[in-house]
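# Okay, predicted coordinates and the sequence, questions at the end:
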Amino acid sequence: MGDKRIMILILFTLAALFLAFATFCMFGLPYMLMGPRVFDQLAERREQQLMAGLLLAAAISLVLAPFFATGLISDAGRVQVMAETLTGFIDRA
């Protein structure tokens, strides 16, 4: 059980580093090269808006992943308990 937690921690850390690097490549590098006018043109460029939205979605997914990862690697009984806890429908028959 401990090996799985270490592996998941390593994978989430690696995903966070890749996400930070992608964000730097999209916002930080152009800002360093062209200055603040890059952000003035952000409202006009659809492809940058799309990339910013995808980066935000990836960041939200990375934050929510630990809550759902336990259900993905568990047996059926534990997944059912997790599903009942998340949805709020606890039916003890």
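In hand now; what should we look at? Since we're looking at a predicted model, the values are computed, not measured.
# Point out where this protein drops to low pLDDT.
Low-confidence segments of the chain (pLDDT under 70): 1-2, 67-93.
# Which parts of it are helices?
With DSSP state H, the ranges of helices along the chain come out as 2-23, 29-34, 37-40, 46-72, 76-87.
# would JSON lines of those with mean neighbour count be doable?
Backbone N, C-alpha and C define where each C-beta goes, glycine included. Converted to JSON lines, the helices of the chain look like this (neighbours: other CB atoms under 10 Å):
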{"stretch": "helix 2-23", "mean neighbour count": "12"}
{"stretch": "helix 29-34", "mean neighbour count": "12"}
{"stretch": "helix 37-40", "mean neighbour count": "12"}
{"stretch": "helix 46-72", "mean neighbour count": "12"}
{"stretch": "helix 76-87", "mean neighbour count": "11"}
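# F39 reaches Y31, doesn't it?
Yes: using CB atoms under 8 Å, F39 is in contact with Y31, at 7.3 Å.
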